[in-house]
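Participant: Could you work out the structure for the sequence below:
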Amino acid sequence: MSLSPQATKFSPCTSLSQMPPCPLPSHQVSPSASPVCSSSHKMPPVPLHVPTECVMSLFPRPQVSPVPHQAPSMSPPKPPSVPCVPHKPLNAPIPKRPSPPQATTSPQATNCSPRPLRATKCPLPPSARPPSLHATTFPVCPPGVSTSPRPRPAPMLPRSLPAPPMAPLADLYHLTMAYALWRTGRHRDPAAAELFFRREPFGAAFVVGAGLGQALRSLGALRFSAADIAYLRSVLPSTTEDAFFDYLCTVDASEVTVTSVPEGSVVFSRVPLLQVKGPLLVVQLLETSLLCLVSYASLVATNAARFRLLAGPEMKLLELGLRRAQGPDGGLSASKYSYIGGFDYTSNILAGKLYGIPVRGTVAHSFIMSFRSLEEVQPRVLSPLAGGEPMDLPSLAESWLQRVCELLGTPSDKPNRGELAAFVSYAIAFPQDFQGLLDTYCVMRSGLPNFCAVALALHQLGYRAIGVRLDSGDLIQQSKETRRVLRACGAHFQVPWFGSIPIAVSNDISERSLEDFIREGSEIDMVGVGTNLVTCPLQPSLGCVYKLVEVNGSPCLKFTEEEEKMTIPGIKAIYRLYDAAGHPFMDLMALENEPSPSVGQELVVYILGRRGEATKVRPSAVEPLHRMYLRDGQVCEELPSLQEVRSHAQASLSLLSPVHRQLRDPQPYLVAVTEKLHLLLVELQHASQ
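Facilitator: Here you go, the predicted model:
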């Protein structure tokens with residue numbers, strides 16, 4: 001499959017409910033999380049547009065010009081505005097809640113009263129409801145539960161797919177703390193928290209921030225269904241007041257504001273990736289889901305970026321990690337965020353379908369081992385590309401094998417005839433996408449001669465083989481020997497393109513493997529990476545944290561003797577400072593109300609980790625790092641497509657100074673605070689002591 005995503009555009013300050021949900025298989029959505037309201041009417045499926053062409057090969061066809069990839073459209077149709085609607089499944093996107101209708105004398109308006117706060121069951125029987133009422137839904141509280149009005153109506157936020165069994169995805173202590181806050185009347189106190197990591201992974205100096213778009217979309221899942229409430233009643237102490245569960249029915253993210261670095265940006269330790277503002281109870285409830293969505297995504301994207309930096313711009317990288325990943329969700333996330341980090345293709349067809357990532361693949365040893373002789377090849381004939389009389393391809397390949405063996409000095413009885421039959425069968429099925437896996441038996445005595453024979457037979461009929469793969473042994477030496485044989489066949493049989501057939505390798509490829517490939521001058525054109533990419537064995541967790549920095553307008557501080565674990569108080573503005581060469585050299589955190597630094601201005605800053613020493617810097621360029629993506633539940637910044645995020649990640653990496661981009665013993669990147677923020681930090685430290 002050859003797809004690429006297109007940007008999904010949003011108007012500034014439009015409702016988050018107009019964002020397309022993250023598409024994942026419906027079997028991953030728990031029906032237990034659905035609201036109690038139900039309807040006998042079935043929702044029509046949202047159409048999914050997927051191109052019909054499926055490229056099953058590892059390498060693109062050489063004679064076909066590349067076609068721009070196009071992503072499937074995931075945006076649900078906008079439903080008509082209606083005041084009363086029944087339930088639909090969680091795996092269907094939930095559009096924006098319609099505005100309450102104005103006073104009217106129409107019969108429909110009098111039969112279904114508007115609900116500016118939450119849904120109740122529609123009084124109309126299903127047979128009497130107009131068809132448009134089956135296009136959307138709102139959450140409902142359990143039967144018999146009455147909910148006190150919210151201070152102000154809020155727009156409905158969409159559920160994000162995959163919807164967790166309980167929304168939000170949270171730890172138990174978030175609910176016990178929520179109850180304690182509610183009991184003390186502090187649940188609606190304005191608060192702010194930030195998500196960051198304390199140390200870069202893999203011994204590097206940078207991280208590629210990822211998962212931020214999905215984190216934003218996940219806010220739509222911050223809603224408790226009837227099943228959620230029933231479950232929470234069973235796990236919270238019996239002394240928990242019923243009114244608290246009534247309140248939970250009204251909780252959503254409609255009062256949440258989020259600022260973030262653009263997804264794909266290079267980020268550094270202690271600098272917030274996300275800043276979240278809203279009611280204290282809601283801000284705390286978001287902690288685990290945001291950490292879950294950002295930590296692994298950023299870790300995998302960073303790991304993929306390291307492979308890309310080692311491979312260089314020319315070598316193609318193929319992600320093969322689905323079977324090695326931590327479950328199907330981990331495999332899907334790894335495919336998506338490896339692509340952001342710089343991989344070119346994935347073998348994961350679901351990731352290709354959902355995200356528009358170009359898909360590539362070869363053949364397995366099992367396919368080759370399933371053949372024993374050329375007599376098993378059916379059908380046997382293949383028509384020339386230009387048209388004409390079909391020819392018996394097994395016989396043609398056998399005759400070419402004799403000539404290839406004579407050229408290579410290999411006895412003609414050495415190549416495995418079952419392997420030859422497998423190659424011929426695959427060539428008949430995919431004459432324009434033929435490729436060979438060479439190491440099932442012996443690369444030099446069997447796999448390579450058999451491949452050359454079939455590829456030359458196809459060439460005689462007007463077709464062109466597209467690649468070979470090596471999956472075991474000394475990959476560097478085998479790639480050199482394979483290239484030598486391909487060039488010899490191309491020269492001897494006067495097939496100019498034969499010597500440049502791409503060579504792909506797999507087999508537990510690591511960073512060290514790539515370094516060896518480059519250092520020893522291998523002939524490898526494409527590398528498939530699985531386990532060492534998606535499982536991140538060098539560091540399995542990024543260690544992101546989510547810390548409170550302000551409550552009721554007062555900055556707060558977590559004080560500890562370990563300076564690394566001490567938080568930096570207050571809501572911040574963050575700036576990236578550039579030197580005269582155009583490389584970023586420092587990220588500067590300031591209080592939100594401080595004036596922005598100017599180009600050429602001498603700044604007094606305090607670099608974190610230097611025990612309060614003041615330093616003066618003069619930036620040649622200043623970039624505000626955070627953007628506001630959500631204001632009170634409303635989308636205020638266009639979300640980029642996956643391809644745009646990937647391009648931004650590569651551009652962000654390219655701006656790094658070589659001393660920060662190098663993967664072994666890099667120079668630490670500087671993160672500092674302004675003088676005003678430093679004084680606040682010192683003041684709160686003294687108060688804590």
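Participant: tell me the contacts of the residue lying closest to Pro666 once chain neighbours are set aside?
Facilitator: The shortest distance from Pro666 to any non-neighbouring residue, by C-beta to C-beta, 6 or more residues apart in numbering, is to Ala205 (3.9 Å). In this view, the C-beta of every residue, glycine as well, is placed from N, C-alpha and C. For Ala205, the contact set (C-beta atoms under 8 Å, 6 or more residues apart in numbering) comprises 268, 660-662, 666-669.
Participant: which of those are buried?
Facilitator: Among those, those that count as buried by neighbour count (16 or more other C-beta atoms under 10 Å) are 268, 660-661, 666, 669.
Participant: now those as a markdown table including pLDDT?
Facilitator: Supplementary listing: the buried ones among the contacts of Ala205 in a markdown table, determined by pLDDT from 0 to 100:
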| residue | pLDDT |
| --- | --- |
| Phe268 | 98 |
| His660 | 97 |
| Arg661 | 95 |
| Pro666 | 96 |
| Tyr669 | 97 |
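Participant: Which members of the residues you listed occur in helices, if any?
Facilitator: 660-661 (DSSP state H).
Participant: Please convert the buried ones among the contacts of Ala205 to CSV, extending it with distance to Val424.
Facilitator: Output for the buried ones among the contacts of Ala205, formatted as CSV (distance: C-beta to C-beta, whole Å):
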residue, distance to Val424
Phe268, 55
His660, 52
Arg661, 47
Pro666, 51
Tyr669, 56
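Participant: Now for the buried ones among the contacts of Ala205: which two are most distant?
Facilitator: Largest separation among the buried ones among the contacts of Ala205 by C-beta to C-beta: Phe268 and Arg661, giving 12.6 Å.
Participant: hey, what's in contact with both of the two?
Facilitator: Residues touching both Phe268 and Arg661 comprise 205-206, with contact defined as C-beta under 8 Å, 6+ apart.
Participant: quick revisit: which among the contacts of Ala205 gets closest to Pro640?
Facilitator: Distance from Pro640 was checked for each of those by C-beta to C-beta. The minimum falls on Phe268, at 21.3 Å.
Participant: Wait, Gln650 touches Phe343, no?
Facilitator: No. Using C-beta atoms under 8 Å, Gln650 is not in contact with Phe343, being 11.3 Å away.
Participant: higher neighbour count, the two?
Facilitator: Neighbours were counted for Gln650 and for Phe343 using other C-beta atoms under 10 Å; Phe343 has more, 30 against 16.
Participant: Per-residue pLDDT of the more buried one, please?
Facilitator: The predicted structure scores Phe343 at 99 on the pLDDT scale.
Participant: That one reaches Arg308, doesn't it?
Facilitator: Yes. Under the criterion of C-beta under 8 Å, Phe343 lies in contact with Arg308, with a separation of 7.2 Å.
Participant: Between those two, which contacts overlap?
Facilitator: Where contact means C-beta under 8 Å, 6+ apart, the residues bridging Phe343 and Arg308 through contact with each are Leu317.
Participant: how much space between Arg403 and Ser688?
Facilitator: Noted for Arg403: a distance of 83 Å to Ser688, by C-beta to C-beta, to the nearest Å.
Participant: If you could redo that for Lys316, that was the one I meant.
Facilitator: Look at Lys316 and Ser688: by C-beta to C-beta, they are 53 Å apart.
Participant: and those two? which has more neighbours close in?
Facilitator: Set Lys316 next to Ser688 and count neighbours by other C-beta under 10 Å: Lys316 wins out with 19 against 12.
Participant: so that one touches Pro358, yeah?
Facilitator: No. Counting by C-beta under 8 Å, Lys316 stays clear of Pro358, with 10.2 Å between them.
Participant: Between these two, which contacts overlap?
Facilitator: By the contact definition C-beta under 8 Å, 6+ apart, Lys316 and Pro358 are jointly contacted by 344-345.
Participant: What are the neighbouring residues in contact with Met586?
Facilitator: The contact partners of Met586, by C-beta under 8 Å, 6+ apart, come to 576-577, 605, 607, 617, 619, 669-672.
Participant: Just send the contacts of Ala205 back as TSV, with distance to Pro584 too.
Facilitator: Written out in TSV, the entries for those read as follows (distance: C-beta to C-beta, whole Å):
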residue	distance to Pro584
Phe268	9
His660	8
Arg661	11
Gln662	15
Pro666	14
Gln667	13
Pro668	13
Tyr669	8
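Participant: Check those and tell me the two furthest apart.
Facilitator: By the measure C-beta to C-beta, Phe268 and Gln662 form the most distant pair in those, at 15.1 Å.
Participant: doesn't Tyr296 fall inside a strand?
Facilitator: No. Following the definition DSSP: H, G, I helix; E, B strand; the rest coil, Tyr296 is helix and is not counted among the residues of a strand.
Participant: If you tally nearby residues, what's the number for it?
Facilitator: Count around Tyr296 with other C-beta under 10 Å applied: 24.
Participant: Please name the residues that touch it.
Facilitator: Under the criterion of C-beta under 8 Å, 6+ apart, the contact partners of Tyr296 comprise 211, 330, 333, 337, 541-542.
Participant: Name only those of the residues you listed that count as buried.
Facilitator: 211, 330, 333, 337, 542.
Participant: List the ones among those that fall in helices.
Facilitator: With DSSP H as the criterion, helices contain 330, 333, 337 from among those.
Participant: any chance of these in a markdown table, plus distance to Gly570 and pLDDT?
Facilitator: A markdown table is the format used below for those (distance: C-beta to C-beta, whole Å; pLDDT from 0 to 100):
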| residue | distance to Gly570 | pLDDT |
| --- | --- | --- |
| Gly330 | 36 | 94 |
| Ser333 | 33 | 97 |
| Tyr337 | 31 | 98 |
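Participant: TSV please, covering those residues and showing distance to Thr535.
Facilitator: Listed next are these as TSV, based on distance: C-beta to C-beta, whole Å:
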residue	distance to Thr535
Gly330	9
Ser333	12
Tyr337	13
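Participant: And those residues, which is closest to Pro537?
Facilitator: Distances from these to Pro537 were compared by C-beta to C-beta; the smallest belongs to Gly330, at 13.8 Å.
Participant: hmm, back to that, any residues in contact with both of Gln650 and Phe343?
Facilitator: Applying C-beta under 8 Å, 6+ apart, one finds that Gln650 and Phe343 are jointly contacted by Arg308.
Participant: What residues of stretch 626-645 count as buried?
Facilitator: Judged by neighbour count using 16+ other C-beta under 10 Å, the buried positions of stretch 626-645 are 626, 629-630, 632-637, 639-645.
Participant: actually stretch 653-665, not the one I wrote
Facilitator: When neighbours are counted by 16+ other C-beta under 10 Å, the buried residues of stretch 653-665 are found to be 653, 656-657, 660-661, 663.
Participant: same check, this time on stretch 185-199
Facilitator: Neighbour-count burial for stretch 185-199, with 16+ other C-beta under 10 Å as criterion, is recorded at 187-188, 191-197.
Participant: Equivalent analysis for stretch 465-483, please.
Facilitator: By 16+ other C-beta under 10 Å, the buried positions in stretch 465-483 come out as 465-471, 475-476, 478-483.
Participant: With respect to Ser347, which of those residues is nearest?
Facilitator: Arg469 (12.0 Å).
Participant: Skipping its backbone neighbours, what lies nearest the closest one in space?
Facilitator: For Arg469, ignoring the flanking residues on the chain, the nearest one in space by C-beta to C-beta, 6+ apart is Ala504 at 4.5 Å.
Participant: What pairs with the one helix or strand the one you found maps to, parallel or antiparallel?
Facilitator: Assigning secondary structure by DSSP states H and E places Ala504 in strand 503-505. Paired strands of strand 503-505, with direction, are strand 467-470 (parallel), strand 526-529 (parallel) (DSSP bridges).
Participant: Quick one: list the elements packing against the helix or strand just after the first one.
Facilitator: Later in the chain than strand 467-470, the nearest helix or strand by DSSP H and E is helix 475-492. Where contact means 3 or more C-beta pairs under 8 Å, 6 or more residues apart in numbering; DSSP states H and E, helix 475-492 is packed against helix 393-408, helix 448-460, strand 467-470, strand 503-505, helix 511-519.
Participant: re the thing from before, biggest separation within the buried ones among the contacts of Tyr296, which pair?
Facilitator: Maximum pairwise distance among the buried ones among the contacts of Tyr296 (C-beta to C-beta): 14.2 Å, between Gly330 and Leu542.
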